[in-house]
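[1] Predicted coordinates and the sequence they were generated for:
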Amino acid sequence: MGSALSILAKPVLVTGASGFVGWHVARLLLERGARVRALLRPGSRLRELGAETVTGDLRDPASLQTAVADCGAVFHVAADYRLWAPDPQELYRSNVDGTRNLLDAARRAGVERVVYTSTVGCIGFVPGGLGDETTPVTLEDMTGAYKRSKFLAEQVALRYASEGFPVVIVNPTAPVGDHDFKPTPTGKIILDFLRGRMPAFV
């Protein structure tokens, strides 16, 4: 595996760059001189970045082979972030199968580093204390299809890492900030509160 500088000398694929966190990841990479390639689903738009774009879908393995070609690194930020969905299987197809498809394509292409964005919800809970990556946690501890899908996707990433593929996992907590255009479920909670649509939030 090369150094960070040598990895960033090649194109860097960012999934989810049309979303909130992915947009900020892509922007920071561009500011550091990286050649960012953004994976966009058909019909998606990328605001104000000027990154290279490639059309594809995490559920379409063939499109991912094109997306990762010649890349030194992949930042996998995309996720179906719905706290409720009529068909929970949609979350599993995007978040679990999609992560597996991307990691498989990245490994085949010889990508040197993958950063997978999970969620704090996948970290175990310690009564009266703080959990970390070593805290025991199981699928049964996950509440709702979104958390379960992210937990299973993280297990996929951990398996690839255990097999020697250079995967790093990050577990952000309720990110908030500018450029949350849609907004995300977290951003919507804040907006609803500020607009008086939510009397209280505990």
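    Received the coordinates, thanks. Numbering: from 1, shown residues only.

[2] Once you drop chain neighbours, what's closest to residue 52?
    residue 37 (4.6 Å; CB to CB, 6 or more residues apart in numbering). In short, each C-beta sits where N, CA and C put it, glycine included.

[3] which stretch of helix or strand covers that neighbour?
    strand 36-40 (DSSP states H and E).

[4] which secondary structure elements does that strand contact?
    If contacts are counted by 3 or more CB pairs under 8 Å, 6 or more residues apart in numbering; DSSP states H and E, strand 36-40 sits against strand 12-15, helix 20-31, strand 52-55, helix 61-68.

[5] same for whichever helix in the chain runs longest, what does it pack against?
    When the chain is parsed with DSSP state H, its longest helix is helix 144-162. Helices and strands touching helix 144-162, by 3+ CB pairs under 8 Å, 6+ apart, are helix 89-91, helix 98-109, strand 113-117, strand 167-170.

[6] can you pull the buried residues of that helix?
    145-154, 156-157, 160-161 (16 or more other CB atoms under 10 Å).

[7] Could you give the separation of that helix from the chain centroid?
    11 Å (CA atoms, centre = their mean, to the nearest Å).

[8] which residues sit against it?
    With CB atoms under 8 Å, 6 or more residues apart in numbering as the test, helix 144-162 has contacts from 79-85, 88, 91-92, 94-96, 98-100, 103, 107, 114, 116, 118-119, 121-122, 137, 139, 142, 167, 169.

[9] hang on, the earlier thing: mind checking the helices and strands packed on strand 36-40 for the one nearest to residue 196?
    With CB to CB, the closest approach to residue 196 among these belongs to helix 20-31: 23.4 Å.

[10] Please report the distance of the nearest residue to residue 116 once chain neighbours are set aside from residue 51.
    Sequence neighbours aside, residue 157 is the residue nearest to residue 116 in space, at 4.4 Å (criterion: CB to CB, 6+ apart). In this view, residue 157 and residue 51 are 24 Å apart by CB to CB, to the nearest Å.

[11] And for residue 128?
    From residue 128 to residue 51 the distance is 45 Å (CB to CB).

[12] Kindly report the same for residue 176.
    23 Å.

[13] Residue 116 now?
    Going from residue 116 to residue 51 by CB to CB gives 20 Å.

[14] same deal with residue 147?
    Taken as CB to CB, the span from residue 147 to residue 51 is 30 Å.

[15] Specify the local secondary structure of residue 131.
    coil (DSSP: H, G, I helix; E, B strand; the rest coil).

[16] what sits against it?
    123-125, 137.

[17] Please report the distance of the nearest residue to residue 173 once chain neighbours are set aside from residue 100.
    Excluding the flanking residues, the one nearest residue 173 by CB to CB, 6+ apart is residue 120, at 4.1 Å. Note on residue 120: its distance to residue 100, by CB to CB, is 22 Å.
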